[in-house]
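>>> Have a look; sequence and predicted model below, questions after that.
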Amino acid sequence: MNAFEIAALSMDSDQQRLTGISQNLANVQTPGYKRTVTAQRPFAAVIALAQAAADSPADAVADADTRLDMSPGALRPSSNPLDLAAGGDGFFEFETPNGPALSRQASLHVDALGRLVNDAGLAVRSDHGELLVPLPVGALRIDAQGEVFADDRSLGRLLLSRAGEPTRLQSLGAGLYRPAAGDATQPVDAPQVLSGQREASNVSSSAEMVRLMETARHFEAMAKVAQGYDEAMDKAIRKLGDLGS
């Protein structure tokens, strides 16, 4: 591989990293959001992959190892007792048209059908399916094990699940995730629910800005390498032309 191809591969890798950083910065204020981390392969490994993928060297970086940072976000108190945060490694489950979605936090309210739903209108799942609240709504409370009570009458327990490989979860936006293909979830044996709390995003805007500047500068440096190689080749071709004339 020549210097131009090496610089191009490095710029492709930087572009993927920039995509992840921009997604993180856009979700600094999204409750329950987990930052995306793009793993950087050793450059020698990238070159080896590129040489093996002779038809499309860009494939060497197209499947970069992108994972989620599952470190917990800060808990922020809320005056709404139906703002919930999941303790431990559990996730709340919500019904979507494409199957269940997972979230570390749930800001719930009762809709016109008596369902407990989040801000997007997705119903939260319980241990016995859909959980319905008798209308008109009485006094609702949710205990530390996720048991839902209406006027001291138990309606069921919220379903908290554990992802088999949390770092491989796929983001659906708004702090919602779905398991990767072939990765099943399992119910949490001892669920922990924190009422009146919201888990903030675990993104540090200052740290992401530093990563953004580092990556942008590296991209610019590789662009100059590619430009320099192009100019050197242009001069070499011109000299060869002069020799032949």
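Now that the structure is in, tell me what you want to look at.
>>> And stretch 146-153, what's buried?
146-148, 150 (16 or more other C-beta atoms under 10 Å). For glycine as for every other residue, the C-beta is placed from the backbone atoms N, C-alpha and C.
>>> any idea where the helices of this protein begin and end?
For the chain, helices defined by DSSP state H occupy the ranges 3-26, 43-52, 59-62, 205-244.
>>> closest to A180 out of those?
Ranking those by proximity to A180 (C-beta to C-beta) places helix 3-26 first, at 16.6 Å.
>>> What residues of that closest one count as buried?
Buried-residue list, helix 3-26, by 16+ other C-beta under 10 Å: 4-14, 16-18, 20-21, 23-24.
>>> least reliable of the helices of the chain going by mean pLDDT?
The minimum mean pLDDT among the helices of the chain belongs to helix 59-62 (a mean of 54).
>>> give the contact list for the residue nearest to V193 when sequence neighbours are not counted.
In space, and not counting its chain neighbours, V193 is closest to G146: 4.3 Å by C-beta to C-beta, 6 or more residues apart in numbering. Neighbouring residues of G146 by C-beta atoms under 8 Å, 6 or more residues apart in numbering: 157-160, 191, 193.
>>> ditto for Q15
Neighbours of Q15 in contact, by C-beta under 8 Å, 6+ apart: F219.
>>> Would you quantify the distance from it to A3?
19 Å (C-beta to C-beta, to the nearest Å).
>>> any idea how this structure splits into domains?
By the assignment in automatic domain parsing, the chain contains the domains 3-70+203-244, 75-199.
>>> ok, and which of those domains has the densest surroundings?
Mean neighbour count, computed with mean count of other C-beta atoms under 10 Å, is highest for domain 75-199 among the domains of the chain, reaching a mean of 17.
>>> Distance from that one to the middle of the chain?
18 Å (C-alpha atoms, centre = their mean, to the nearest Å).
>>> Show me the beta-bridge partners of Q170.
R178 (DSSP bridges).
>>> what's the pLDDT at it?
92.
>>> In this structure it contacts A180, no?
Yes: counting by C-beta atoms under 8 Å, Q170 sits close enough to A180 to count as a contact (6.0 Å).
>>> shared neighbours, these two?
By C-beta under 8 Å, 6+ apart, no residue touches both Q170 and A180.
>>> what's the spacing between E5 and K235?
E5 is 19 Å from K235, by C-beta to C-beta.
>>> Find the residue closest to S171 in space, skipping its chain neighbours.
That would be Y177: by C-beta to C-beta, 6+ apart, it lies 5.8 Å from S171.
>>> for S201, same thing?
Using C-beta to C-beta, 6+ apart, the closest residue to S201 is Y33 (4.0 Å).
>>> Equivalent analysis for K34, please.
Closest to K34 by C-beta to C-beta, 6+ apart is L68, at 4.5 Å.
>>> pLDDT at the one you found, what is it?
Reported pLDDT for L68: 93.
>>> separation between it and Q29?
Using C-beta to C-beta, L68 is found at 18 Å from Q29.
>>> How about P191?
Taking C-beta to C-beta, one finds P191 at 27 Å from Q29.
>>> got it, and M213?
21 Å.
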